[in-house]
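Novice: Model the following, please.
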Amino acid sequence: MKHRIVFAAMMSFVLSLLMSAWVTFMNIGAHPEFVSFWLHAWIYAWPAAAAISFVFAPYLHQLATKLTSK
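Specialist: Next up, the predicted model:
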């Protein structure tokens, strides 16, 4: 369980940080306040990504194993 929590926190941190940067850039471009808008979006994205990662990671891991073992 400890590994699952740490993995979900790390994976959600990286994914939410990069995805919120990408989506913010796609929406506003190279705006002078880009970093401020990006960090604001990321603050909301990380908890959601962490919960989603924690809940769905085991199921997706099982599905990936089934899909690649054939």
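Novice: From now on I want contacts and neighbour counts done on CA atoms only, so please keep to that.
Specialist: OK.
Novice: Now do residue 6 against residue 24, distance only.
Specialist: 27 Å (C-alpha to C-alpha, to the nearest Å).
Novice: what's the burial count for residue 65?
Specialist: Using other C-alpha atoms under 10 Å, residue 65 has 11 other residues around it.
Novice: residues contacting it?
Specialist: Not one residue lies near residue 65 by C-alpha atoms under 8 Å, 6 or more residues apart in numbering.
Novice: And residue 41, by the same measure?
Specialist: Here residue 41 is in contact with 20, 24 (C-alpha under 8 Å, 6+ apart).
Novice: In terms of secondary structure, what does the helix or strand encompassing residue 20 contact?
Specialist: Assigned by DSSP states H and E, residue 20 belongs to helix 2-28. The elements that helix 2-28 packs onto, with contact taken as 3 or more C-alpha pairs under 8 Å, 6 or more residues apart in numbering; DSSP states H and E, are helix 34-68.
Novice: Tell me what angle the helix it packs on forms with helix 2-28.
Specialist: Interaxial angle, helix 34-68 versus helix 2-28 (axes from the mean of the first three to the mean of the last three C-alpha atoms, to 10 degrees): 130 degrees.
Novice: how far out from the middle of the chain is helix 34-68?
Specialist: Averaging C-alpha positions (C-alpha atoms, centre = their mean, to the nearest Å) puts helix 34-68 4 Å from its chain's average.
Novice: in that helix, what counts as buried?
Specialist: 37, 38, 41, 42, 45, 46, 49, 50, 53, 54 (16 or more other C-alpha atoms under 10 Å).
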